[in-house]
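J.: build me a model from this:
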Amino acid sequence: MRKVKTWILVADGAVAQVYETEAGANDLVAVPGGEFAAANLPSREIDADRPGQGFDRAGYGQRRKQPRTDSHRHAKAQFAHHLAEFLQREQQRQAFDSLVIVAPAKTLGDLREALAPNVKKLVKAELSKDLVHIHQRDLPQHLEQILHP
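T.: Numbering: from 1, shown residues only. From the prediction side, this is the model:
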């Protein structure tokens, strides 16, 4: 009989790790290939080029054009899409039976938006916390209520 595998995605806008646990188990095992890190450059580095210049219609001189989007925020949304693609591929391989997502609120929202419908159906729980920098051995106590209701 095949054991039920739950994957736990612990992420923020630039770092993520996927862990696996089996039904009834208390330990988490890092999934091979499930570690992700984005460049996470500061906004000043992403927007290193100077914005273009334009002229006021009223003739008051030049003004700088501001970027329409926050490049740093956009990079974080792209990272969430990258994670969603990974989860989609692994779900098609039937690598996991259920999914728990642990991420700060904005990253959680980005992931919800990016996940494919067949992966969304497998989401067992969500936790709006930033636990990326918590050591692997300490994570189970933070996830006790979710993994063992």
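J.: all helices of the chain, in order?
T.: Under the criterion DSSP state H, helices of the chain are mapped to 43-46, 71-92, 105-114, 117-120, 139-142, 144-147.
J.: give me the buried positions along the third one.
T.: Okay, so that is helix 105-114. Counting neighbours by 16 or more other CB atoms under 10 Å, one finds that the buried residues in helix 105-114 are 107, 108, 110, 111, 114. (Each C-beta comes from the backbone N, C-alpha and C, glycine too.)
J.: re earlier: can you put the helices of the chain in TSV and add distance to residue 13?
T.: Below are the helices of the chain laid out as TSV (distance: least, CB to CB, whole Å):
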stretch	distance to residue 13
helix 43-46	12
helix 71-92	3
helix 105-114	5
helix 117-120	19
helix 139-142	19
helix 144-147	22
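J.: out of those helices, which comes closest to residue 23?
T.: helix 144-147 (9.4 Å; CB to CB).
J.: that closest one packs against which elements?
T.: Packing partners of helix 144-147 (3 or more CB pairs under 8 Å, 6 or more residues apart in numbering; DSSP states H and E): strand 123-127.
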